[in-house]
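> Fold the stuff below for me.
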Amino acid sequence: METFLRDIAEILRHPYVALIFITALAFDFINGFHDAANSIATVVGTRVLRPFQAVCWAAFWNFAAAWFFGVHIANAVAKWVHVEYITVDVIFAGLIGAIVWNLITWFVGLPSSSSHALLGGLGGAAIVHAGKTQGVLYTAKVVATVEFIVLAPLFGLVLGLIFVAAVMWAFRKTTMMKVDRWFRVAQLGSAAAYSLGHGTNDAQKTMGIIAALLYATIWSNHQTEFAAGKVQFPFWIVLVCHAAIGIGTMCGGWRIVKTMGMRITKLRPYDGACAEIAAATSLFTSAALGVPVSTTHTITGAIVGVGAMHRISAVRWGVARQVVWAWVLTIPCAALVAAAVQCALQTFHR
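The predicted structure follows:
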């Protein structure tokens, strides 16, 4: 508590730092709001829970994730950009780029990656600030993050296929009515597991941004440690970020829920459970490896996988194609918005 009060008091002494800190938490809230569909779409699409019950369940596990999996992803995000190019303007512009793109895709009802919007936003702002592409830190973690644009949905798809095939074989002699009844209960656990993975993956991205901001400002006397990769995360940062994403999830956007849970393919309770377990397995693995991945890509791939297992035509490929286009455009569009904001800030400071 003493550390929390001291750091908050220091943040409030610097109005611009306070503004960016609030903007980071706003991004975290919008991330939860935007990605609520990821956490609840299948459990709502199968009608196991009503929307309000589902968001409350997901929000609880989003917050509970603060006590699991460490801060490996937060460390990776905090070091996405070269330390000499991490300025308050770059962080602010990057956050605005990510927030604007998230709101645009929410408005049109398309699931997109908050992770990649943040990567694009920070990259675009850093490149403008540095005047060269070396503004982005090309480490194995950055390369892995970009690679997982393709790999995350593929892992989700393959695991979804495997899990639903295993369930169909295991219960092949059981009536569908009994299977549905059993998996209505099981899906509560699978939805909790997915929300736990979503919370630990996405809240940590904001934790990394806040740490980078504080090391660039009120913790500037520890920048040598930051440059050496020794990033510290007081537990108050962890709790605040998980609380913000949990509250955002409780206010989740219904537009994207309909796309994820109803428009891509028709889901039964065992389909939803298999999709959630497949996605949760991928997210737990990425958290352990410290690779930020898109929870949106992962659950979408899993939903497509379980749908395709029944028959290829069960997947509405036109909707899936629109979702893929949103993924492709996320990094460059967020980067362009952030670059424009960074140019405006540089002009203002002259």
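> Check the burial of residue 325 by counting its neighbours.
Residue 325 has 12 neighbours, counted by other CB atoms under 10 Å. In this view, the C-beta of every residue, glycine as well, is placed from N, C-alpha and C.
> And it, how far from residue 308?
Separation of residue 325 from residue 308 (CB to CB, to the nearest Å): 19 Å.
> Do I have it right that residue 18 meets residue 12?
Yes - shown here, residue 18 and residue 12 form a contact pair, counting by CB atoms under 8 Å, at 5.5 Å.
> okay, those two: which has more neighbours?
Using other CB under 10 Å, the more surrounded residue of residue 18 and residue 12 is residue 18, with 14 against 11.
> element containing that one, please.
Element membership of residue 18, judged by DSSP states H and E, is helix 15-45.
> Toward the C-terminus, what is the element adjacent to that helix?
helix 51-64.
> Just give me how far that following helix sits from the chain centre.
The chain centre lies 15 Å from the centre of helix 51-64; the measure is CA atoms, centre = their mean, to the nearest Å.
> Kindly export that helix (C-alpha atoms) in PDB.
Once non-C-alpha atoms are left out, helix 51-64 reads as follows in PDB (Å, rounded to 0.1, in the frame of the first residue of the first chain):
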ATOM      1  CA  PRO A  51     -25.100 -12.100 -21.500                       C
ATOM      2  CA  PHE A  52     -25.000 -10.400 -18.100                       C
ATOM      3  CA  GLN A  53     -24.300 -13.600 -16.300                       C
ATOM      4  CA  ALA A  54     -21.500 -14.400 -18.800                       C
ATOM      5  CA  VAL A  55     -19.800 -11.000 -18.600                       C
ATOM      6  CA  CYS A  56     -19.800 -11.200 -14.700                       C
ATOM      7  CA  TRP A  57     -18.300 -14.700 -14.900                       C
ATOM      8  CA  ALA A  58     -15.700 -13.600 -17.400                       C
ATOM      9  CA  ALA A  59     -14.800 -10.400 -15.500                       C
ATOM     10  CA  PHE A  60     -14.300 -12.300 -12.300                       C
ATOM     11  CA  TRP A  61     -11.800 -14.600 -13.900                       C
ATOM     12  CA  ASN A  62     -10.100 -11.700 -15.800                       C
ATOM     13  CA  PHE A  63      -9.400 -10.200 -12.400                       C
ATOM     14  CA  ALA A  64      -8.400 -13.500 -10.700                       C
END
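> ok, residue 217 - how many residues close by?
Neighbours of residue 217 (other CB under 10 Å): 19.
> Also residue 169?
The number of residues packed near residue 169 is 8, by other CB under 10 Å.
> The one 5 residues further on too?
When counting by other CB under 10 Å, one arrives at 10 neighbours for residue 174.
> Over to it. Which of the three states is it?
When classified by DSSP: H, G, I helix; E, B strand; the rest coil, residue 174 comes out as coil.
> got it, and residue 231?
For residue 231, the assignment made with three-state DSSP gives coil.
> Just the CA atoms of stretch 113-120, as PDB, please.
These are the backbone C-alpha positions of stretch 113-120, laid out as PDB (Å, rounded to 0.1, in the frame of the first residue of the first chain):
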ATOM      1  CA  SER A 113      -6.500  -7.900 -31.900                       C
ATOM      2  CA  SER A 114      -5.900  -5.300 -29.100                       C
ATOM      3  CA  SER A 115      -2.400  -6.700 -28.800                       C
ATOM      4  CA  HIS A 116      -1.500  -6.000 -32.400                       C
ATOM      5  CA  ALA A 117      -3.200  -2.600 -32.300                       C
ATOM      6  CA  LEU A 118      -0.900  -1.800 -29.400                       C
ATOM      7  CA  LEU A 119       2.100  -3.100 -31.200                       C
ATOM      8  CA  GLY A 120       1.200  -1.200 -34.400                       C
END
